[in-house]
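1. below: sequence and its predicted model.
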Amino acid sequence: DSGVTQTPKHLITATGQRVTLRCSPRSGDLSVYWYQQSLDQGLQFLIQYYNGEERAKGNILERFSAQQFPDLHSELNLSSLELGDSALYFCASSVGGGGGYEQYFGPGTRLTVT
Amino acid sequence: GDSVTQMEGPVTLSEEAFLTINCTYTATGYPSLFWYVQYPGEGLQLLLKATKADDKGSNKGFEATYRKETTSFHLEKGSVQVSDSAVYFCALSPQNQAGTALIFGKGTTLSVSS
């Protein structure tokens, strides 16, 4: 158990809908990262927050957004969903905001868009 | 840009065989290097890390040495077990402070039979 929690574990929704994925980091960690894992693209970094502020952005679509709240939990919002958004979405956390820190991953949310 | 290249899988071994999974990277400066393991249906678990040249990371019988001269971080284990069957990801964390996302290889599937 990494100490990172993600809800829900599974999510099935229809095209055009909007969903919210939730992540709670390990106790004491200030950074939260979101990654997408799909068979064709592998593991892709989406976005990082550090202590409530956006720190780095990766291959995140404009239809996707995220935020980190004062209690340090984070939410990833996916809107106007398309079939191609079906994937595993992982949250990870680390104690620092810079390079070199280990990232600890949650169990993931499996999103299926039908 | 920075990248990680792993050997293509799947790798199929018998129990107690020697394991090597090759990983090479392209990055500026001195990135931190990691191996993560993903068991079926689970999130990624940090297996080991190295933060500077000639560092050796080790955990659970697995080892990897940070080789700056060959830009490599090959994973080895002297005697694999059936329980080691999983997908293994090599990753790097860039040196610069701004971009701290992990950059992953495509993963190598290991299957160990008894």
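-> Received, thanks.

2. quick one, phi psi at whatever residue of chain A ends up closest to chain B?
-> The minimum distance from chain A to chain B, using C-beta to the nearest C-beta, falls at residue A:45 (3.7 Å). Just so you know, the C-beta spots here come from the backbone N, C-alpha and C atoms, and that holds for glycine as well. Main-chain dihedrals, residue A:45, degrees, to the nearest 10: phi -70, psi 130.

3. got the confidence number for it?
-> Looking at residue A:45, its pLDDT stands at 93.

4. residue 19 - how many residues pack around it?
-> Since no chain was named, I'll use chain A. Burial of residue A:19, expressed as a neighbour count using other C-beta atoms under 10 Å in any protein chain shown, amounts to 18.

5. think we crossed wires, I meant chain B
-> Per other C-beta under 10 Å, the neighbour tally for residue B:19 reads 18.

6. isn't it up against residue B:9?
-> No - at 11.7 Å, residue B:19 and residue B:9 do not qualify as touching, with contact defined as C-beta atoms under 8 Å.

7. need the overlap of contacts for these two.
-> By C-beta atoms under 8 Å, 6 or more residues apart in numbering or on different chains, residue B:19 and residue B:9 have these common neighbours: residue B:110.

8. does residue B:64 lie in a helix or a strand, and which?
-> Using DSSP states H and E, residue B:64 maps to strand B:62-65.

9. quick one: distance of that strand to the chain centre.
-> 8 Å (C-alpha atoms, centre = their mean, to the nearest Å).
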